[in-house]
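Participant: Take this sequence and fold it.
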Amino acid sequence: MLGDGANERQRVSHANGAGPEGPASARAGGAGGAKPPGLIKIAPSLLSADFAALGDAVAKAERGGADLIHVDIMDGHFVPNLTVGPPVVKSLSRIAHVPLDVHLMIEEPDRFVEAFVEAGAASLTVHVEAVVHLHRTVQFIKSFGIRAGVALNPATPVTSLEQIAGDVDYVLVMTVNPGFGGQTFIPRSESKVRAVRELLRRQGSSAPIEVDGGIDVHTAPRIVAAGADILVAGNAVFGTPDPERAIRALRVAAESAVA
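Facilitator: Numbering: from 1, shown residues only. Below you'll find the predicted structure:
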């Protein structure tokens, strides 16, 4: 069970709108994704950071204006890579001043939901492809007072969201195949984001769309114009000599699409 401190942290995060959802006005995107500038969220991904200095990476991201810290959890089964678990997330939660956006690229994610909530996750994303009873999993995550997101791999059709779209707090569209940082953005991801936005609109949902993979100053304006609200960027931030400057440049590029 969650300890008193963790419960309080999650209540505060939920009340303050922590996690990818943001205010309702920020989520309104319309079919074309048009939204006022200043409402795009940047979520630097620690997957591309130096794992020997994650605390420093978080500090630099926050100084650069990061809205979230994206933490990729990989199990070597659902994706061909291994990363970190709840103990590392718990350590990050002690130093991070922005919400931890935890992306579970793992099999049987239900087994680990409570552990990551206890560790300090402000939001948890599970994959459509990894869950048998998706509605149950989404409701399970939300029962802890944090945000629940659902991710789609590049080859997964948007229609797989039809029966869950009204329940999710956000949708994560993978714009590369998950498992490794530094991959090239898949161009047809733009049309997929538009399709997700249209599906959410039909379902009466203003849930934001998060995108992850190959996001940089060149791809950010295109994907924001398509309807993305939250940009996960790893190599474009931590693969540069100055992550703080890179985050600022990414925000400027993204907001140029909605100015």
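Participant: Help me confirm that residue 238 comes into contact with residue 44.
Facilitator: Yes - using Cβ atoms under 8 Å, residue 238 makes contact with residue 44 at a distance of 6.9 Å. Just so you know, the C-beta spots here come from the backbone N, C-alpha and C atoms, and that holds for glycine as well.
Participant: Who has more neighbours out of these two?
Facilitator: The neighbour comparison of residue 238 against residue 44 (other Cβ atoms under 10 Å) goes to residue 44, with 32 against 21.
Participant: okay, now residue 77: neighbour count?
Facilitator: By other Cβ under 10 Å, neighbour count at residue 77 equals 12.
Participant: what's near enough to touch it?
Facilitator: For residue 77, the contact set (Cβ atoms under 8 Å, 6 or more residues apart in numbering) comprises 106, 107.
Participant: list the buried ones in the helix or strand hosting residue 138?
Facilitator: For residue 138, the enclosing helix or strand under DSSP states H and E is helix 134-142. For helix 134-142, the neighbour count (16 or more other Cβ atoms under 10 Å) marks 134, 137, 138, 140, 141, 142 as buried.
Participant: The helix or strand following that helix relative to helix 134-142, how many degrees between them?
Facilitator: Next in sequence after helix 134-142, counting helices and strands by DSSP H and E, comes strand 147-152. Interaxial angle, strand 147-152 versus helix 134-142 (axes from the mean of the first three to the mean of the last three Cα atoms, to 10 degrees): 140 degrees.
Participant: So which elements touch strand 147-152?
Facilitator: If contacts are counted by 3 or more Cβ pairs under 8 Å, 6 or more residues apart in numbering; DSSP states H and E, strand 147-152 sits against strand 123-127, helix 134-142, strand 170-174.
Participant: Okay, strands next: where are they in the stretch 151-259 of the chain?
Facilitator: Secondary structure of the stretch 151-259 of the chain, counting by DSSP state E, counting those that start in this stretch: strands at 170-174, 209-212, 230-233.
Participant: Would you mind giving these as a markdown table with distance to residue 159 and mean pLDDT added?
Facilitator: What follows is the strands of the stretch 151-259 of the chain, written out as a markdown table (distance: least, Cβ to Cβ, whole Å; pLDDT from 0 to 100):
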| stretch | distance to residue 159 | mean pLDDT |
| --- | --- | --- |
| strand 170-174 | 13 | 98 |
| strand 209-212 | 16 | 98 |
| strand 230-233 | 22 | 98 |
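Participant: can you list these in TSV and add distance to residue 127?
Facilitator: Putting the strands of the stretch 151-259 of the chain into TSV (distance: least, Cβ to Cβ, whole Å) gives the following:
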stretch	distance to residue 127
strand 170-174	9
strand 209-212	11
strand 230-233	14
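Participant: In TSV, list these along with mean neighbour count and distance to residue 53.
Facilitator: Shown next, in TSV, are the strands of the stretch 151-259 of the chain (neighbours: other Cβ atoms under 10 Å; distance: least, Cβ to Cβ, whole Å):
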stretch	mean neighbour count	distance to residue 53
strand 170-174	27	26
strand 209-212	28	22
strand 230-233	28	18
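Participant: Of all these, which one is nearest residue 55?
Facilitator: Smallest distance to residue 55 across the strands of the stretch 151-259 of the chain (Cβ to Cβ): 19.3 Å, for strand 230-233.
Participant: What strands flank the closest one, and is each parallel or antiparallel?
Facilitator: strand 41-44 (parallel), strand 209-212 (parallel) (DSSP bridges).
Participant: Identify whichever of these lies nearest to residue 58.
Facilitator: So among those, strand 41-44 is nearest, using Cβ to Cβ, at 8.6 Å.
Participant: roughly how far is the closest one from the heart of the chain?
Facilitator: 8 Å (Cα atoms, centre = their mean, to the nearest Å).
Participant: What's the mean pLDDT across stretch 79-87?
Facilitator: Mean pLDDT, stretch 79-87: 94.
Participant: quick one: the helices in the stretch 1-150 of the chain?
Facilitator: Counting by DSSP state H, counting those that start in this stretch, the stretch 1-150 of the chain has these helices, from start to end: 4-15, 24-27, 54-63, 86-95, 113-119, 134-142.
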